[in-house]
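**Student:** Kindly return the folded structure for what I paste below:
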Amino acid sequence: MSDVTGAVARLVEHGPAIPALLPASVAALIATAGFHTWWTRRHGHAPPPDDTGARPPSAARQAGSSDRDGEAVTGADAGDSALWRMRTTVRDAPGSLAVLCAALAERRVDILSLQTHPLAEGTVDEFLLRAPGELTGSELAGVVSAAGGDRTWTERADAHDLVDAPTRILGLAARTALDTAELPLALRQLLGRCTIRSLPAGVGGHVVDDVPPEGALEDTVLRLRAPEGGVISVERPYLPFTPAEFARARALVELDARLGPRVPRGRDVLTLPEGSDITVRRADTRDVPAAKAMHERCSAQTLGLRYHGPVKDADRYLNHLLSPRYGRTLAVQTASGRIVGLGHLLWDGDETEVALLVEDAWQRRGIGGELLGRLVAMAAETGCANVYAVTQASNTGMVAAMRGLGLPLDYQIEEGTLVVTARLDPASRAAARLPRGERIGRE
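**Tutor:** Numbers count the residues shown, from 1 in each chain. Below is the predicted model:
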């Protein structure tokens, strides 16, 4: 068996402990590793509410729902059924699980799938449930606690959670195999709602030598050796990781390391309004020399608006910005191969940032709007709830490009800097003017 095949096999091996009985569930929510750490530290990491709802709370309220114990319950749910993900710890004793299942059956709760995570003391059981629509998360947790469950956690699920664990894990492995930038997103979909950061060696006290080659599991924190050096840190404060989850994450990182750097080669040729042809494609660290050459052609004002600091320091950001480990980059190049624009989609902890730079001579031709639309479409495809741009109020081009998305926008001033956030809920995306972002980066 090859190294790559072995890594994939280990991913599947650490799927459900009883696949013959039931398939597994999954939480697939947003975000991953970061760039503007100063911005990330602004945000807390409070645990999710018992009922996160299948729709955003605002959408639920607009649909005429009523809140009970902080949980959104729609009129449809009240008469129908709802999907839930639930995790609880039971005693490792004969009959413990049977008592819990009987209690759920008494409340007409159907168990669709079950994964078991054996621990030194007790067993963590993860369920996908179909429950009566009127049953809230708090009530569901109360039923389980009365039946002997401990440290119970519930979250609303949807149809995506019906995919069995081996299929889901192989899909994540395939995505990771195609694109280095997919690793943080695949880890998030594998582990659920968590904060993932890629930390270079020595940054923030995280030295590679502090993490053993096999990684480290510390309750609510996973630390793994990054394929390119440094450390991948995964934090989930509201729910401890199990050894099985740690093994799956480690196998996915191992697969990424075996395959080495890779970026899809797909590209689009577009004609600008004034008639010039440009090519839009994915970029990586191999484009650093061409990006530095573009910096030299940009004015100090343009570089200052983009990097918010001394212009002479602009070049040192490029290795980070163009690394697929921290996000995705789109490059715009002319027919001669010269790069004249860069757009970045950056995994910023549990946030997602967009940033643009267009060479002075190529500004006001629609390049910035084209890049931004594609980046935001990519963010929407990965399940991001919103994206933000950090700029200055004087950067009218960036502000106009954000408005041109046709998405709901929020504006904040932070220490003299303008932060524009676009919301990507399904209703907003349906009404937005976004290109099909999957055209870039696919063969």
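**Student:** Every contact and neighbour count from this point should use C-alpha atoms.
**Tutor:** OK.
**Student:** buried set for stretch 386-405?
**Tutor:** 386-392, 398-399, 401-402, 405 (16 or more other Cα atoms under 10 Å).
**Student:** And the contacts of it?
**Tutor:** 305-306, 308, 351-356, 364, 368-369, 372-373, 376, 379, 409, 416-425, 432-434 (Cα atoms under 8 Å, 6 or more residues apart in numbering).
**Student:** sorry, back to before: can you add pLDDT and give the buried residues of stretch 386-405 back as CSV?
**Tutor:** As requested, those are exported to CSV (pLDDT from 0 to 100):
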residue, pLDDT
386, 89
387, 92
388, 93
389, 93
390, 91
391, 89
392, 85
398, 90
399, 90
401, 90
402, 92
405, 90
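**Student:** which two in those residues are spaced the farthest apart?
**Tutor:** Farthest apart among those by Cα to Cα are 386 and 392. That separation is 19.5 Å.
**Student:** Give me the helices and strands touching the lengthiest helix in the chain, please.
**Tutor:** Counting residues, the longest helix found in the chain (DSSP state H) is helix 243-259. With contacts taken as 3 or more Cα pairs under 8 Å, 6 or more residues apart in numbering; DSSP states H and E, helix 243-259 sits against helix 3-13, helix 165-178, helix 182-191, strand 221-225.
**Student:** Could you figure out how far it is turned away from strand 221-225?
**Tutor:** Between helix 243-259 and strand 221-225, the angle comes out at 20 degrees (axes from the mean of the first three to the mean of the last three Cα atoms, to 10 degrees).
**Student:** Just after helix 243-259, pick out the following helix or strand.
**Tutor:** strand 267-271 (DSSP states H and E).
**Student:** one step back: of all the helices and strands packed on helix 243-259, which lies closest to residue 236?
**Tutor:** If you check each of the helices and strands packed on helix 243-259 against residue 236 by Cα to Cα, strand 221-225 wins as the nearest, at 6.5 Å.
**Student:** for the next helix or strand after that closest one, the distance to its chain's centre please.
**Tutor:** Using DSSP H and E, the helix or strand that follows strand 221-225 in sequence is strand 231-235. Offset of strand 231-235 from its chain centre (Cα atoms, centre = their mean, to the nearest Å): 14 Å.
**Student:** all numbers from here: first residue = 778
**Tutor:** With 778 as the first residue, the last one maps to strand 1008-1012.
**Student:** Strand 1008-1012: partners in the sheet, and parallel or antiparallel?
**Tutor:** Sheet pairing of strand 1008-1012 (DSSP bridges) gives strand 972-976 (antiparallel), strand 998-1002 (antiparallel).
**Student:** quick one: buried residues of the longest helix of the chain?
**Tutor:** Residues of helix 1020-1036 classed as buried: 1021-1034, 1036 (neighbour count, 16+ other Cα under 10 Å).
**Student:** Off-centre distance for it?
**Tutor:** Computed by Cα atoms, centre = their mean, the chain-centroid distance of helix 1020-1036 equals 17 Å.
**Student:** next one: stretch 900-920
**Tutor:** The chain centre lies 25 Å from the centre of stretch 900-920; the measure is Cα atoms, centre = their mean.
**Student:** Next: stretch 1102-1119.
**Tutor:** The mean C-alpha position of stretch 1102-1119 is separated from the chain mean by 23 Å, Cα atoms, centre = their mean.
**Student:** Not counting that stretch itself, show me its contacts.
**Tutor:** Residues outside stretch 1102-1119 that contact it (Cα under 8 Å, 6+ apart): 810-812, 957-958, 960-961, 975, 1054-1061, 1067-1068, 1071, 1097-1099, 1120-1124, 1133-1136, 1139, 1144-1145, 1148, 1152.
**Student:** residue ranges with poor pLDDT in the stretch 878-1027 of the chain?
**Tutor:** For the stretch 878-1027 of the chain, residues meeting the criterion pLDDT under 70 lie at 978-986.
**Student:** hmm, try it at 50
**Tutor:** Applying pLDDT under 50 to the stretch 878-1027 of the chain picks out residues 982.
**Student:** rewinding a little: can you tell me which of the buried residues of helix 1020-1036 comes closest to residue 933?
**Tutor:** residue 1022 (20.4 Å).
**Student:** What distance do you get for the closest one to residue 898?
**Tutor:** 17 Å (Cα to Cα, to the nearest Å).
**Student:** Could you do residue 944 as well?
**Tutor:** Going from residue 944 to residue 898 by Cα to Cα gives 30 Å.
**Student:** next one: residue 1083
**Tutor:** In terms of Cα to Cα, residue 1083 sits 53 Å off from residue 898.
**Student:** between these two, who's got more neighbours?
**Tutor:** Each of residue 1083 and residue 898 has its neighbours counted (other Cα atoms under 10 Å); residue 1083 has more, 20 against 10.
**Student:** ok, that one - contacts?
**Tutor:** By Cα under 8 Å, 6+ apart, the contact list for residue 1083 reads 1132-1134, 1168.
**Student:** Can you lay out the helices and strands packed on helix 1020-1036 as a markdown table showing mean neighbour count?
**Tutor:** Putting those into a markdown table (neighbours: other Cα atoms under 10 Å) gives the following:
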| stretch | mean neighbour count |
| --- | --- |
| helix 780-790 | 17 |
| helix 942-955 | 19 |
| helix 959-968 | 24 |
| strand 998-1002 | 23 |
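**Student:** can you list the weak-confidence ranges in the stretch 1078-1220 of the chain?
**Tutor:** The model of the stretch 1078-1220 of the chain has pLDDT under 50 over residues 1213-1220.
**Student:** right, and residue 1206 touches residue 1185 too?
**Tutor:** No - using Cα atoms under 8 Å as the test, residue 1206 is too far from residue 1185 to be in contact (9.4 Å).
**Student:** Assumed residue 912 was part of a helix.
**Tutor:** No - secondary structure assignment (DSSP: H, G, I helix; E, B strand; the rest coil) places residue 912 in coil, not in a helix.
**Student:** any idea how far residue 1044 lies from residue 1070?
**Tutor:** Residue 1044 is 21 Å from residue 1070, where distance means Cα to Cα.
**Student:** With that, I have no additional questions.
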